[in-house]
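> Provided below are the primary sequence and the corresponding predicted coordinates.
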Amino acid sequence: MKLFKLLFVLGGVTHMLTACDAPQDLNFSDVITQADLKVTTNSNELTAVPFKAKLFTRQAEDALTEVCSFNSPTDFWGLEHQIGEGTGTHLGKFTVDFKFCFHIVLDEQGFPDFEGGFGEFDRAGGSPPVIEAANGDRLFAEVREESSLIPIQDDTYRFKFENLWHITGGTGKFENASGEFIGYGMVRREGTGTDHTWEGRIILK
């Protein structure tokens, strides 16, 4: 299975996951001044609050050492594994752990074949993402649709992507949480990892 990881390295895209523009710096020390949105449903008061986060992910040691599905040595889905950390509203400092299936398609010269589907990724074949705050509270969220890397011309980044996350609950303060946020990702050209920006809202009970 290490051959698959080697092919991926030769393709020049060893680090990925999940913007139209480079992520902008976010000042998480600022107090959110926007009034909370109060919603009453079945006698339960819900609070919708803005959510922003900035994070960085990199490949784990076991990335692309397993196969999700196999068509040929030049067309298969490998199990990608990304880990990282960031800072976000309501989370503070947090860590992430993502596993998802990544489509590797190589042309006759051994380079990524984007027309053939290289760069598609789907969390359905992986495991539930882990987003954990420093105090141990976890936020559960998932991407329900397939996404893909988009090549760009940039001195710092090689690819970009965008996906929609659905919040499905959590533990601690995030128990029964809902909401959604957009994830913007920029894959670094030198292959060290990916910069992410998340923006949306969390509905807390």
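Yes, it's here. Residues are numbered from 1 along each chain as shown.

> Please make it C-alpha for all contacts and neighbour counts, starting now.
Will do.

> Settle this for me: V105 is touching S72, isn't it.
No. Applying C-alpha atoms under 8 Å as the test, V105 and S72 come out as separate, 9.1 Å apart.

> So between these two, which is more surrounded?
Comparing V105 with S72 by other C-alpha atoms under 10 Å, the one with more neighbours is V105, at 26 against 9.

> Which positions in the host helix or strand of the more buried one come out as buried?
Under the criterion of DSSP states H and E, V105 resides in strand 92-105. Residues 93-105 are the ones in strand 92-105 that count as buried (16 or more other C-alpha atoms under 10 Å).

> Among these, which pair sits farthest apart?
K93 and V105 (36.2 Å; C-alpha to C-alpha).

> Quick check: next helix or strand after the lengthiest strand in the chain?
Assignment by DSSP state E gives strand 44-59 as the longest strand of the chain. Scanning forward in sequence from strand 44-59 by DSSP H and E, the next helix or strand is strand 67-72.

> The helix or strand following that following strand - contacts with which helices or strands?
Next along the chain after strand 67-72, taking DSSP H and E as the criterion, comes strand 75-88. Counting by 3 or more C-alpha pairs under 8 Å, 6 or more residues apart in numbering; DSSP states H and E, the packing neighbours recorded for strand 75-88 are strand 44-59, strand 67-72, strand 92-105.

> Dump the last one to PDB, restricted to CA.
Extracted in PDB, the C-alpha atoms of strand 92-105 (Å, rounded to 0.1, in the frame of the first residue of the first chain):
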ATOM      1  CA  GLY A  92     -11.300  28.400  21.600                       C
ATOM      2  CA  LYS A  93      -8.200  26.400  20.700                       C
ATOM      3  CA  PHE A  94      -9.200  23.000  19.200                       C
ATOM      4  CA  THR A  95      -7.900  20.000  17.400                       C
ATOM      5  CA  VAL A  96      -9.300  18.100  14.400                       C
ATOM      6  CA  ASP A  97      -9.000  14.600  13.000                       C
ATOM      7  CA  PHE A  98     -10.400  13.800   9.600                       C
ATOM      8  CA  LYS A  99     -10.500  10.600   7.600                       C
ATOM      9  CA  PHE A 100     -12.100  10.500   4.100                       C
ATOM     10  CA  CYS A 101     -11.700   8.800   0.800                       C
ATOM     11  CA  PHE A 102      -9.600  10.600  -1.800                       C
ATOM     12  CA  HIS A 103      -9.700   9.800  -5.600                       C
ATOM     13  CA  ILE A 104      -6.300   9.300  -7.200                       C
ATOM     14  CA  VAL A 105      -6.300   9.100 -11.000                       C
END
